[in-house]
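J.: Below is the structure, and that's it, no one-letter string:
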């Protein structure tokens with residue numbers, strides 16, 4: 001079993017003006033210079049929209065939901081990628097076990113191909129499996 005978040009993230013050193021309307025309200029906004037963790041300051045302005053999931057079925061549902069929302073505004077998303085330094089979909093996966101397997105079905109990949117943003121995977125495993 002694994003869990004995590006899928007995050008649509010926009011970052012730049014210049015001011016961000018992002019508006020997806022009520023369909024995608026940011027779950028986090030960070031301004032350049034804000035203290036973010038352990039006294040460190042954010043090097044960039046950041047706009048994030050996050051969906052959390054738990055388990056394989058919810059992972060696919062959440063990924064499909066986010067990609068569909070972004071595809072409904074694909075012209076705007078692609079404009080954002082031309083305007084700002086970083087525009088990406090980040091998939092975070094966490095597990096207490098050392099091995100995680102997952103896939104992205106072709107219908108989601110086809111939708112993703114309409115977006116000019118990067119897709120990043122962050123797999124965080126605590127490696128606590130013993131004689132499974």
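T.: Happy to help now that I have it. This structure is a prediction, so every number in the text was calculated from the model and none was measured.

J.: what about the closest residue to residue 92 other than its chain neighbours, neighbour count?
T.: Excluding its sequence neighbours, the residue lying closest to residue 92 (CB to CB, 6 or more residues apart in numbering) is residue 4, at 4.2 Å. From N, CA and C alone the C-beta is placed, and that goes for glycine too. A count of nearby residues for residue 4, using other CB atoms under 10 Å, gives 22.

J.: now the helix or strand residue 4 falls within, how far from the centre of its chain.
T.: Using DSSP states H and E, residue 4 sits in strand 3-12. Centroid separation for strand 3-12 versus its chain: 3 Å, with CA atoms, centre = their mean, to the nearest Å.

J.: low-confidence ranges in this protein?
T.: For the chain, the stretches with pLDDT under 70 are 98-99, 127-132.

J.: Please enumerate the helices of it.
T.: 56-72, 74-83, 106-112 (DSSP state H).

J.: most packed of the ones you listed?
T.: Highest mean neighbour count of the helices of the chain: helix 56-72, a mean of 16 (counted as mean count of other CB atoms under 10 Å).

J.: could you give the angle of that one to helix 74-83?
T.: Inter-element angle recorded for helix 56-72 and helix 74-83: 80 degrees (by axes from the mean of the first three to the mean of the last three CA atoms, to 10 degrees).

J.: just checking, what packs against helix 56-72?
T.: strand 3-12, strand 45-54, strand 86-95, helix 106-112 (3 or more CB pairs under 8 Å, 6 or more residues apart in numbering; DSSP states H and E).

J.: Can you check which of those gets nearest to residue 75?
T.: Closest to residue 75 of the helices and strands packed on helix 56-72 is strand 86-95 (CB to CB; 13.4 Å).

J.: ok, that closest one: who's next to it in the sheet?
T.: strand 3-12 (antiparallel), strand 118-125 (parallel) (DSSP bridges).

J.: If anything else comes up later, I'll come back, but that's it for now.
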